[in-house]
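Asker: Got a sequence here, can you build the structure:
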Amino acid sequence: DMEAKTAPPGYALLTEGKATVVYKEGDAFYNPIQEFNRDLSIMVIKQFIKLKEKEDKLKKRVSKKPVNPNGIDILEALSATGLRSIRYWNEIEGINKIIVNDLDASAVETIQANLEWNGIDQTRCVPNQADCKAYMYQNAFDEAKRFDVIDLDPYGSASIFLDAAVQAIDNGGLLCITCTDSAVLCGAHPEQLFATYQTAAVKGRHCHEFGVRTILKELNGHATRYKRSIQPLFSMSIDFYFRVFVRVFDSPKLTQQSMTRIGNLYQCGACGSFTTQKAGQLSPKGCPVLTPHLPVNSRCEFCNARIKVGGPLWLDPIHSTDFLDTVLEHLKTKESESMYKTHKRMLGQLSVCREELENPLFYVLSDLCNTVKLPCPTLLGFRSALVAAGYKVSGTHCVSNGFKTDAPNEVIWDILRSWHLMQEPVKDISTLAPHTPAYNILSVAPKITADFTQKKEAASASSNLPRYIKNPGMGPKCRAGGKKRSLNEGEDDDKMEDESNIVEEGEQPSKKQKLEESGASGAGEQ
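Answerer: Below you'll find the predicted structure:
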């Protein structure tokens, strides 16, 4: 009986889900508050196994590996204590083998002790000491040895592992990737962003989605080198880190069409109006061709400020609606409530992801109103005005007061021009400094009359769920003490689950939260 056992002197005992681990602080890097990440991963792998079984029945199997009746093979490349792998083994049916890898010898000793403590067969849940990049490359060239799932949860950026991972994953396999270098991915350190991801950032409140799309762009770039393509299942900015779940397929055809999935961001440096454009498009014959012209001039058509260019970044969808429908159906079952401690948050955040429009990036209403020096309408009222004008609108999982829409920038500013004329008294634009964004935008008469009457179809269907958790401002902990550790070791920290930190949709974030959302919190930087 594991619950009756006590930890040896000098060791600590910790239980999470159906796993109990014994660890000596400093010998292996354990993060007890990353449970949401692990719950999410367990749920995704469960549904991935069901998806593979469904594909086998429909004779849509793409893997060349022999079917193993025991199930799938998983590599946890950066294991630390082994907690994640133990939870996978104990909580997921249909696993043949898990390689529980770490470079550090003391971490591997801890993994072996924890597997023994949990009574797990170490010929099937195998402790392994190796440089994970070298280990993935070793298994990449024999298709029978490739993994069905590879989980990468490094300290900082996962970029140095992606080339090996896209080769070692089986055709149709699943990559589960974490990056915690949020300050870099959000553009707070542009020189480091370009050095690591070959992307230039344009700062904005959409920076967290920009970070997600940067990771997917980088992953796609590595995959296409080997005539492989990626299919994001869902991709999220969570607290201070990013987590993406992506399937990888052999597809020379989609490799050739890669330019139709990648592109640039063009954003005004003053009013924040933005547009995106893919590097290529499909011709009427289905052949990829370069996009013939830029979507904007060098100066903003609304405020005459200079346009800044960001990218390249991933401009295709970051979520699979079909897969999200599957996982939400699972999370709405009664039995799933007892499977995951963070069930409510998972249901809430994934519901928001399902509602998100596929349009890249988003606006924040308070920022737009600040640009034109107007009080904010309600978020639902503004979303209703977009719906009344004939456009689609949704929230975003990144921030509570952001919105995505397929409406052009001209319509967004026209709605705010209408809002300006509804104020009592109407703001005299002659009091604004000439040639400022507010003056240039409001001096133009609106072409539409906005209707701010609240509409049911403009509201979020998941507004009764916990969706937005305030960032307590904590980044990753320091690396584990003891021996000097390689960059490819250990897991990252997470934020405390605290439903008192829920931010309601449309609530204005504090000044500190705005700094954190803009990537200035320094998350991931030690």
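Asker: Go through this structure and flag its longest helix.
Answerer: Ranked by residue count under DSSP state H, the longest helix found in the chain is helix 35-57.
Asker: From Ile45, how far off is Arg61?
Answerer: Distance, Arg61 to Ile45, using C-beta to C-beta, to the nearest Å: 18 Å. Bear in mind the C-beta positions are built from the backbone N, C-alpha and C, glycine included.
Asker: re the thing from before, how about the longest helix of the chain as PDB, C-alpha atoms only?
Answerer: Provided in PDB are the C-alpha atoms of helix 35-57 (Å, rounded to 0.1, in the frame of the first residue of the first chain):
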ATOM      1  CA  GLU A  35      -0.500  19.900 -12.500                       C
ATOM      2  CA  PHE A  36      -2.700  21.700 -15.100                       C
ATOM      3  CA  ASN A  37      -0.100  21.000 -17.700                       C
ATOM      4  CA  ARG A  38       0.100  17.300 -16.800                       C
ATOM      5  CA  ASP A  39      -3.700  17.000 -16.600                       C
ATOM      6  CA  LEU A  40      -4.000  18.600 -20.000                       C
ATOM      7  CA  SER A  41      -1.400  16.300 -21.500                       C
ATOM      8  CA  ILE A  42      -3.000  13.100 -20.100                       C
ATOM      9  CA  MET A  43      -6.400  14.100 -21.500                       C
ATOM     10  CA  VAL A  44      -4.900  14.800 -24.900                       C
ATOM     11  CA  ILE A  45      -3.000  11.600 -25.100                       C
ATOM     12  CA  LYS A  46      -6.100   9.600 -24.100                       C
ATOM     13  CA  GLN A  47      -8.000  11.200 -27.000                       C
ATOM     14  CA  PHE A  48      -5.100  10.800 -29.400                       C
ATOM     15  CA  ILE A  49      -5.100   7.000 -28.700                       C
ATOM     16  CA  LYS A  50      -8.800   6.900 -29.400                       C
ATOM     17  CA  LEU A  51      -8.300   8.900 -32.600                       C
ATOM     18  CA  LYS A  52      -5.600   6.400 -33.800                       C
ATOM     19  CA  GLU A  53      -7.900   3.500 -33.000                       C
ATOM     20  CA  LYS A  54     -10.600   5.100 -35.000                       C
ATOM     21  CA  GLU A  55      -8.300   5.700 -38.000                       C
ATOM     22  CA  ASP A  56      -7.200   2.100 -37.900                       C
ATOM     23  CA  LYS A  57     -10.900   0.900 -38.100                       C
END
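Asker: who does it touch, helix- and strand-wise?
Answerer: strand 72-76, helix 83-91, strand 147-152, strand 169-179, strand 228-238, strand 241-250, helix 321-331, helix 343-355 (3 or more C-beta pairs under 8 Å, 6 or more residues apart in numbering; DSSP states H and E).
Asker: Export the ones you listed as a markdown table, with columns for mean pLDDT, mean neighbour count and distance to Pro466.
Answerer: Formatted as a markdown table, the helices and strands packed on helix 35-57 follow (pLDDT from 0 to 100; neighbours: other C-beta atoms under 10 Å; distance: least, C-beta to C-beta, whole Å):
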| stretch | mean pLDDT | mean neighbour count | distance to Pro466 |
| --- | --- | --- | --- |
| strand 72-76 | 98 | 25 | 29 |
| helix 83-91 | 97 | 24 | 23 |
| strand 147-152 | 98 | 25 | 26 |
| strand 169-179 | 97 | 24 | 22 |
| strand 228-238 | 96 | 22 | 13 |
| strand 241-250 | 97 | 23 | 18 |
| helix 321-331 | 97 | 16 | 13 |
| helix 343-355 | 95 | 21 | 4 |
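Asker: To Leu432, which of the ones you listed lies closest?
Answerer: strand 228-238 (34.9 Å; C-beta to C-beta).
Asker: Pull up the pairing partners for the closest one, direction included.
Answerer: strand 241-250 (antiparallel) (DSSP bridges).
Asker: Moving C-terminal from the strand it pairs with, which element do we reach first?
Answerer: Heading C-terminal from strand 241-250, the first helix or strand you meet, by DSSP states H and E, is helix 252-256.
Asker: ok, the next helix-or-strand element following that following helix: who's next to it in the sheet?
Answerer: Sequence-wise, the next helix or strand downstream of helix 252-256 (DSSP H and E) is strand 262-268. Strand pairing for strand 262-268, determined by DSSP bridges: strand 274-278 (antiparallel), strand 307-314 (antiparallel).
Asker: Buried deepest among the ones you listed, which one?
Answerer: Highest mean neighbour count of the strands paired with strand 262-268: strand 307-314, a mean of 22 (counted as mean count of other C-beta atoms under 10 Å).
Asker: quick one: Val296 from Leu290, how far?
Answerer: 17 Å.
Asker: Tell me how many other residues surround the nearest residue to Glu55 once chain neighbours are set aside.
Answerer: If the residues on either side of it in the chain are set aside, Glu55 comes closest to Arg61, at 5.5 Å by C-beta to C-beta, 6 or more residues apart in numbering. Arg61 has 15 neighbouring residues, counting by other C-beta atoms under 10 Å.
Asker: just to revisit the earlier point, so which of Val296 and Leu290 has more stuff around it?
Answerer: Comparing Val296 with Leu290 by other C-beta under 10 Å, the one with more neighbours is Val296, at 17 against 9.
Asker: Tell me which residues touch the more buried one, please.
Answerer: By C-beta atoms under 8 Å, 6 or more residues apart in numbering, the contact set of Val296 is Tyr266, Thr275, Ile307.
Asker: ditto for Leu386
Answerer: Lys392, Val393, Phe403, Thr405, Ala407, Val411, Ile412, Ile415, Ala458.
Asker: does it count as helix, strand or coil?
Answerer: Of the three states, Leu386 takes helix under DSSP: H, G, I helix; E, B strand; the rest coil.
Asker: And the residue lying closest to it once chain neighbours are set aside, how far from Phe274?
Answerer: Excluding its sequence neighbours, the residue lying closest to Leu386 (C-beta to C-beta, 6+ apart) is Val393, at 4.5 Å. Counting by C-beta to C-beta, the gap from Val393 to Phe274 is 16 Å.
Asker: surely Ser229 meets Ile262?
Answerer: No - judged on C-beta atoms under 8 Å, Ser229 makes no contact with Ile262 at a distance of 11.9 Å.
Asker: Need the overlap of contacts for the two.
Answerer: Common neighbours of Ser229 and Ile262 (C-beta under 8 Å, 6+ apart) are Asn220.
Asker: Setting aside sequence neighbours, what's the nearest residue to Tyr340?
Answerer: Asp39 (4.1 Å).
Asker: which ones are touching the one you found?
Answerer: Asp39 touches Gly17, Tyr340, Lys341, Thr342, His343, Met346, counting by C-beta under 8 Å, 6+ apart.
Asker: if I look at it, how far off is Val149?
Answerer: Distance, Asp39 to Val149, by C-beta to C-beta: 16 Å.
Asker: Could you give the bridge partners of the nearest residue to Val44 once chain neighbours are set aside?
Answerer: Excluding the flanking residues, the one nearest Val44 by C-beta to C-beta, 6+ apart is Phe245, at 5.1 Å. With DSSP bridges applied, Phe245 shows beta-bridge pairing to Cys176, Phe234.
Asker: can you offset everything so residue one is 120?
Answerer: I'll keep to 120 as the first residue from here, and by that count the last item is Phe364.
Asker: Quick one: residues contacting Phe364.
Answerer: Val163, Leu293, Leu294, Cys295, Ile296, Pro351, Leu352, Phe353, Ser354.
Asker: what sits against the nearest residue to the third one once chain neighbours are set aside?
Answerer: Spelled out, it's Leu294. Nearest residue to Leu294 in three dimensions, chain neighbours excluded: Val365, at 4.9 Å (C-beta to C-beta, 6+ apart). Residues in contact with Val365 (C-beta under 8 Å, 6+ apart) are Leu293, Leu294, Ile296, Leu335, Leu338, Ile349, Gln350, Pro351, Leu352, Ser354.
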